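K.L.:
what's the 3D shape of this:
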Amino acid sequence: MRITQYYIRTFRPRFFAALTRLFYAGKNVQFGTGFLCDSIPKIMIDKGAQLKIGNKVELRRNVEIRVHQQSQVHIGSNVRIDRGVRLLSTNKAKLQLEDGVRVGLYTVFNGGDSIRVGSKSLISGFVYLQTSMHGFKDRSQEVQNQGYDHAPINLGKDCWLGTHVVVLPGVNLGQGVIVGSNAVVNKSAEDYQVIGGIPAKVLKERT
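P.N.:
Below is the predicted model:
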């Protein structure tokens with residue numbers, strides 16, 4: 001039992017972290033100290049893009065990081081990302097997870113425009129942060145041929161997004177905002193508001 005626990009908690013994360021550093025070594029990928037991962041993450045990065053991973057970052061299994069065109073992904077220190085999470089940035093967007101952020105399993109960050117998650121924020125599982133929307137106004141063309149509209153998403157420090165939350169383009173959530181499970185957030189919220197519903201509305205203020 002002790003040998004099994006040592007393998008799962010200590011040896012395997014260090015082993016796969018060393019392989020990850022080896023496989024993705026390059027000028028546009030930087031790893032901090034104390035990096036750990038349960039499997040080699042799938043990292044796709046273009047020549048003009050940049051990925052920075054801070055100190056004491058932990059990635060669970062099957063994390064995917066895609067950094068395209070001239071975009072950036074910055075993961076702060078003491079960040080934990082659960083299995084199956086996908087982080088994508090493209091165009092000239094910056095996707096930033098500040099220090100101490102926790103991300104639940106199978107959450108998606110779709111960064112056609114910039115996404116910032118403030119320090120110590122909690123993102124539950126199966127959350128979708130979407131900065132891009134298909135154009136659809138021209139009925140003479142198929143939706144998939146009408147391109148995208150983009151707007152950034154900003155989450156302040158100490159936010160908490162419940163499971164299955166969807167955050168749409170242009171939303172700014174102030175410090176300490178809590179979003180109830182299954183909410184669809186299409187409008188911004190002020191500091192320490194609790195919001196929920198479809199579409200999300202203010203339910204109360206945190207005291």
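K.L.:
Can you report how many residues lie near residue 154?
P.N.:
18 (other Cβ atoms under 10 Å). In short, each C-beta sits where N, CA and C put it, glycine included.
K.L.:
where does it land in three-state SS?
P.N.:
Recorded secondary structure, residue 154: strand (DSSP: H, G, I helix; E, B strand; the rest coil).
K.L.:
Look up the pLDDT of it for me, please.
P.N.:
pLDDT recorded at residue 154 is 98.
K.L.:
same deal with residue 91?
P.N.:
Taking residue 91 on its own, its pLDDT is 95.
K.L.:
where does the residue sitting furthest away from the middle of the chain land in three-state SS?
P.N.:
Centroid-distance maximum for the chain: residue 140 at 35.3 Å, with Cα atoms, centre = their mean. Under three-state DSSP, the three-state class of residue 140 is coil.
K.L.:
tell me the phi and psi of it?
P.N.:
phi -80, psi -10 (degrees, to the nearest 10).
K.L.:
swap in residue 23?
P.N.:
With angles defined as degrees, to the nearest 10, residue 23 sits at phi -70, psi -40.
K.L.:
ok, the closest residue to it other than its chain neighbours - how many residues close by?
P.N.:
Nearest residue to residue 23, sequence neighbours excluded (Cβ to Cβ, 6 or more residues apart in numbering): residue 40, at 6.5 Å. Using other Cβ under 10 Å as the criterion, residue 40 is surrounded by 18 other residues.
K.L.:
List the buried residues in stretch 21-28.
P.N.:
residue 24 (16 or more other Cβ atoms under 10 Å).
K.L.:
what about it, start to end distance?
P.N.:
For stretch 21-28, the first-to-last residue distance is 12 Å (Cα to Cα, to the nearest Å).
K.L.:
For it, give me every contacting residue.
P.N.:
By Cβ atoms under 8 Å, 6 or more residues apart in numbering, the residues outside stretch 21-28 that reach it are 31, 35, 40, 43, 45, 47, 48, 49, 50, 51.
K.L.:
Just the ones of those in strands?
P.N.:
Among the contacts of stretch 21-28, the ones falling in strands (DSSP state E) are 31, 43, 45, 50, 51.
K.L.:
Could I get the contacting residues of the second one?
P.N.:
With contacts defined as Cβ under 8 Å, 6+ apart, the neighbours of residue 43 are 20, 24, 29, 51, 64, 65, 66, 67.
K.L.:
The last one contacts residue 53, doesn't it?
P.N.:
No - counting by Cβ atoms under 8 Å, residue 53 is not a contact partner of residue 67; they are 11.4 Å apart.
K.L.:
out of the ones in strands among the contacts of stretch 21-28, who has the most neighbours?
P.N.:
residue 51 leads the ones in strands among the contacts of stretch 21-28 on contacts (other Cβ under 10 Å) with 24 neighbours.
K.L.:
That one reaches residue 30, doesn't it?
P.N.:
Yes - at 7.1 Å, residue 51 counts as touching residue 30 under the criterion of Cβ under 8 Å.
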